[in-house]
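1. Attaching a predicted model along with its sequence, questions to come.
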Amino acid sequence: MELVCPAGSLPALKAAVDNGADAVYMGFRNATNARNFEGLNFDEKGARRGLAHAHAAGARVFTAINTYAAAGRWHEWTDAVDRAVDLGVDALILADPGLIAYAAADHPDMRLHLSVQASATTPEAIEFHRRRFGVRRAVLPRVLSLSQVRRVIAGTDAELEVFGFGSLCVMVEGRCALSSYVTGEAPNTAGVCSPAKAVRWVESARGRESRLGGVLIDLYRPDEPAGYPTLCKGRFAVDGQTYYALEEPTSLNVLDILPELQQAGVAAVKVEGRQRSPAYVAEATRVMRAALDQAAADPEGYVPDPALAARLDRLAEGRTHTLGALQRRWQ
């Protein structure tokens, strides 16, 4: 299985490639990608340097143009497609069907991947994109059980990529409206769940208040680690109790089921985190590379290494991990 790692900056790209990534994914500095944070992503000069570094090491570079084009600004998204192709990237990661159609028609030799933002959770949805537009790979949302992943793989000739480590998303990606509820901007169009301009930290008599769009997301004690304000991971008062009502801060980690994913026919395992530091990317890549190599070398005898899991836990939200929906019994 291919190891696909995040590149939110040139140092992060180099960290991923130098520590064993088979491929990296990056985006441009605008709303065409779903990690549109200030100070991250690539201009043309940085992208060329990153491509040269990755290709010299034998790694591939995918460009995420995975938000939905805004009305009246279509050219920004088509320009991003054209620019990525001109740079010589190895694949485009797209969600908007119109943009996929544009890429397929204007750049028929470019490899196309269906982004997780497209919310394709059935073989029929993926096969539509494969047959109609020639999409070669689809990234599955993090809401499917392992048995559902197997069924999707069995029902399509496209390659399937699954998330292997990083932040969880309890929503079907591409359909979340929580951020727009409090900030007026949606990650599916503006490119970020919690835009920095909407984030506020307030020191009060009650503790450290975490606010998003003016809404109180969480309240931390002075000695309590505080996470970046994300609405789905806030603590809220419900029926007299205050707790993580939507999602607890924890990270997805598939080390326990790598042989099962391999046996099912998963083509690639993806590390989430283009908004993370180069140090995070380097360590996550090192650990996932070691685990994938162990599983590939001896699938029958593979036993998850507790030391590797502990290293990932140090990077994880809440310092804990889960298999998330992958372990659910729903069919």
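-> That came in fine, so what should we check first?
2. all contacts plus neighbour counts: C-alpha atoms, from now on.
-> Fine.
3. would you list every one of the strands in the stretch 1-150 of the chain?
-> 2-6, 23-26, 60-65, 91-94, 112-114, 137-139 (DSSP state E, counting those that start in this stretch).
4. Pipe these into TSV and attach distance to Ser277 and mean neighbour count per row.
-> Shown next, in TSV, are the strands of the stretch 1-150 of the chain (distance: least, CA to CA, whole Å; neighbours: other CA atoms under 10 Å):
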stretch	distance to Ser277	mean neighbour count
strand 2-6	10	26
strand 23-26	14	26
strand 60-65	18	25
strand 91-94	22	26
strand 112-114	25	28
strand 137-139	23	26
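5. what's the closest of those to Phe165?
-> Closest to Phe165 of the strands of the stretch 1-150 of the chain is strand 2-6 (CA to CA; 9.7 Å).
6. lowest-confidence helix or strand of the chain?
-> When the helices and strands of the chain are compared on mean pLDDT, DSSP states H and E, helix 178-183 comes out lowest with a mean of 87.
7. What residues sit buried inside it?
-> For helix 178-183, a neighbour-count test (16 or more other CA atoms under 10 Å) marks Leu178, Ser179, Ser180, Val182, Thr183 as buried.
8. just to revisit the earlier point, which one of the strands of the stretch 1-150 of the chain lies closest to Lys233?
-> strand 2-6 (21.8 Å).
9. same for the closest one, what does it pack against?
-> Secondary-structure packing of strand 2-6 (3 or more CA pairs under 8 Å, 6 or more residues apart in numbering; DSSP states H and E): helix 10-18, strand 23-26, strand 268-271, helix 278-297.
10. Could you identify which of the ones you listed is most buried?
-> strand 23-26 (a mean of 26; mean count of other CA atoms under 10 Å).
11. what pairs with Val162 across the strands?
-> With DSSP bridges as the criterion, Val162 is bridged to Val269.
12. Who are the contact partners of it?
-> Val139, Leu140, Pro141, Arg142, Val266, Ala268, Val269, Lys270 (CA atoms under 8 Å, 6 or more residues apart in numbering).
13. From the residues you listed, pick the one nearest Ala226.
-> After measuring the contacts of Val162 against Ala226 - CA to CA - the closest member comes out as Arg142, at 24.4 Å.
14. ok, the closest one touching Ala325?
-> Yes. Checked against CA atoms under 8 Å, the pair Arg142 and Ala325 is within contact range at 6.8 Å.
15. of those two, who's got more company?
-> Arg142 (24 against 18; other CA atoms under 10 Å).
16. measure the more buried one to Tyr68 for me?
-> 19 Å (CA to CA, to the nearest Å).
17. mind giving me CSV with the contacts of Val162 and columns for pLDDT and distance to Leu219?
-> Listed next are these as CSV, based on pLDDT from 0 to 100; distance: CA to CA, whole Å:
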residue, pLDDT, distance to Leu219
Val139, 98, 35
Leu140, 96, 33
Pro141, 93, 30
Arg142, 92, 28
Val266, 98, 40
Ala268, 98, 38
Val269, 98, 35
Lys270, 98, 32
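18. out of those residues, who's nearest Arg206?
-> Arg142 (35.4 Å).
19. Return the residues in contact with that closest one.
-> With CA under 8 Å, 6+ apart, Arg142 has these contacts: Val162, Phe163, Leu168, Cys169, Val170, Val172, Glu173, Gly324, Ala325, Leu326.
20. List phi and psi for the fourth one.
-> The main-chain torsion angles of Cys169 are listed as degrees, to the nearest 10 and equal phi -130, psi 120.
21. Likewise for Asp313?
-> Taking degrees, to the nearest 10 as the convention, Asp313 sits at phi -60, psi -30.
22. Quick check: nearest residue in space to it, chain neighbours excluded?
-> Among residues not flanking Asp313 along the chain, Arg319 sits closest, at 4.9 Å (CA to CA, 6 or more residues apart in numbering).
23. All good on my end, thank you.
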